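> Predicted coordinates and the sequence they were generated for:
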Amino acid sequence: MSDWHEVVGVIERLREEFADLTVRGLRTVGPGHLTSLEALREEFLRISADHLAGRIGELVEAIRNDDRGSAAALMRAQASLRLFERMLSQEVGTATLETMLAAEPVGQDAEAEESQA
């Protein structure tokens with residue numbers, strides 16, 4: 001489960017970066033902010049979230065080039081992040097449910113043995 005916690009931490013960092021970009025504005029972004037976004041992009045590539053990493057890369061390029069479409073790139077990246085969060089939640093929920101169903105229920109075996117006796 002620590003893997004999920006690590007991914008959730010990376011998601012939270014990206015969400016904070018996006019919130020900061022939204023509040024401060026895209027034209028005020030400095031090199032430190034771009035470095036953080038690049039590091040997060042690499043992290044999402046590492047965990048095989050290629051689509052989200054691609055959206056982050058598009059955003060970084062748009063900001064670097066002072067592209068008028070950088071706000072739209074930010075919105076697309078935020079939408080991809082939300083979708084990734086939902087997919088992750090579904091995977092974790094499914095895995096948790098499967099684990100619970102696979103475990104032998106405590107007490108039901110004892111009840112079955114008592115009823116047979």
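Yep, it's here.
> Please, where are all the helices along the chain?
2-24, 31-46, 50-64, 70-102, 108-116 (DSSP state H).
> now those helices in TSV, with mean neighbour count and mean pLDDT?
Yep, even glycine has a C-beta here, placed from its N, CA and C like the rest. TSV is the format used below for these (neighbours: other C-beta atoms under 10 Å; pLDDT from 0 to 100):
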stretch	mean neighbour count	mean pLDDT
helix 2-24	14	90
helix 31-46	15	95
helix 50-64	19	96
helix 70-102	14	92
helix 108-116	9	58
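> how about Gly69, phi and psi?
Torsion angles at Gly69 (phi, psi; degrees, to the nearest 10) stand at phi -90, psi 10.
> so how far is Ala19 from it?
Separation of Gly69 from Ala19 (C-beta to C-beta, to the nearest Å) stands at 20 Å.
> Repeat that for Ile47.
21 Å.
> What separation do you get for Thr35 and Gly25?
18 Å.
> repeat for Ser89
Note on Ser89: its distance to Gly25, by C-beta to C-beta, is 31 Å.
> cool, Ala49 as well?
Per C-beta to C-beta, Ala49 is found 26 Å from Gly25.
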